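[1] Fold the following and give me the result.
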Amino acid sequence: MPELPLPSDPLPAPPHRRAAVVAALRAAGCVFAEDEAELILTAARTPGETAALVERRAAGLPLEHVLGWALFHGLRVAVEPGVFVPRRRTEFLVDEAVAQVPDASVVVDLCCGSGAVGTALAGLLGPVELHAADIDPAAVRCARRNVGPAGGRVHHGDLYAALPADLRGRVDVLAANVPYVPTGEVPLLPSEARDHEPPAALDGGADGLDVLRRVAAGAPDWLAPGGCLLVETSERQVPAALAAFTTAGLTPRLATSEELYAHVVVGTRQR
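    Reported below is the predicted structural model:
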């Protein structure tokens with residue numbers, strides 16, 4: 001996927017402006033103020049744009065929403081305000097999908113958000129039939145910016161109801177980065193997520209697994225023989241997630257990354 005455009009050959013910001021941006025970000029509580037200042041100064045074309053971006057970041061907007069992009073699996077992915085920001089730990093889900101089905105030809109990114117997962121998979125797997133879907137119109141609009149250049153299609157709707165019927169029984173990789181925060185814990189999330197990302201992308205119901213169970217239950221109808229469903233979850237939710245996959249008729253296994261503190265449940269439809 002081509003990188004999103006940035007200003008051509010931006011000139012280095014004067015030291016006094018750089019220092020002022022760092023100070024403003026540090027005063028707003030940004031832990032990595034120097035790194036963020038560098039990104040903001042590179043993205044801004046004028047001092048006025050710099051001031052506007054700094055003001056938005058200081059007000060608590062996620063840095064990715066301020067810049068308009070997030071770095072995900074080596075790709076610069078467009079991220080619009082109000083759209084879920086792809087997390088670095090989710091890169092592990094992408095790696096597991098490629099390892100599980102390296103010859104996949106049909107890929108679906110369910111609960112796609114920005115479409116980062118599907119776009120990354122298309123880049124790693126080569127030419128694939130790529131579909132993405134989300135219930136949030138803002139996410140669908142944003143995903144089309146990312147998935148379109150990768151040759152994919154984005155659909156609007158609730159889980160499988162959004163997908164074309166002719167995908168049934170043909171999907172090799174079904175990646176679903178479902179919401180899995182228990183409802184009672186959503187208020188405890190950092191304000192960047194709680195206040196600026198859509199609740200539907202965070203709230204997974206009473207135990208955080210409502211959407212995961214729905215995705216697992218429907219997956220066997222859509223997966224090709226040998227195809228797999230991959231879902232990210234938390235460590236404490238793993239036993240219940242594995243049970244949901246088994247109940248759905250999938251053969252489950254758990255993949256973990258200590259480095260990213262990532263837990264991905266992989267369910268395979270047997271051949």
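[2] Let me see the ranges of the helices in this structure.
    For the chain, the helices defined by DSSP state H cover 15-27, 33-43, 47-58, 63-67, 91-100, 116-125, 137-147, 191-196, 210-222, 238-247.
[3] could the ones you listed go into JSON lines alongside mean neighbour count, distance to Val178 and mean pLDDT?
    For glycine as for every other residue, the C-beta is placed from the backbone atoms N, C-alpha and C. Putting these into JSON lines (neighbours: other C-beta atoms under 10 Å; distance: least, C-beta to C-beta, whole Å; pLDDT from 0 to 100) gives the following:
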{"stretch": "helix 15-27", "mean neighbour count": "16", "distance to Val178": "33", "mean pLDDT": "87"}
{"stretch": "helix 33-43", "mean neighbour count": "18", "distance to Val178": "29", "mean pLDDT": "91"}
{"stretch": "helix 47-58", "mean neighbour count": "17", "distance to Val178": "29", "mean pLDDT": "91"}
{"stretch": "helix 63-67", "mean neighbour count": "22", "distance to Val178": "20", "mean pLDDT": "93"}
{"stretch": "helix 91-100", "mean neighbour count": "21", "distance to Val178": "11", "mean pLDDT": "97"}
{"stretch": "helix 116-125", "mean neighbour count": "25", "distance to Val178": "11", "mean pLDDT": "96"}
{"stretch": "helix 137-147", "mean neighbour count": "22", "distance to Val178": "13", "mean pLDDT": "96"}
{"stretch": "helix 191-196", "mean neighbour count": "14", "distance to Val178": "15", "mean pLDDT": "90"}
{"stretch": "helix 210-222", "mean neighbour count": "20", "distance to Val178": "4", "mean pLDDT": "98"}
{"stretch": "helix 238-247", "mean neighbour count": "17", "distance to Val178": "10", "mean pLDDT": "98"}
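[4] Where is the longest strand in this protein?
    strand 223-233 (DSSP state E).
[5] Remind me what it packs against, helices and strands.
    helix 91-100, strand 171-176, helix 210-222, helix 238-247, strand 262-268 (3 or more C-beta pairs under 8 Å, 6 or more residues apart in numbering; DSSP states H and E).
[6] rerun that using 6 Å as the cut-off
    Secondary-structure packing of strand 223-233 (3 or more C-beta pairs under 6 Å, 6 or more residues apart in numbering; DSSP states H and E): helix 91-100, strand 171-176, strand 262-268.
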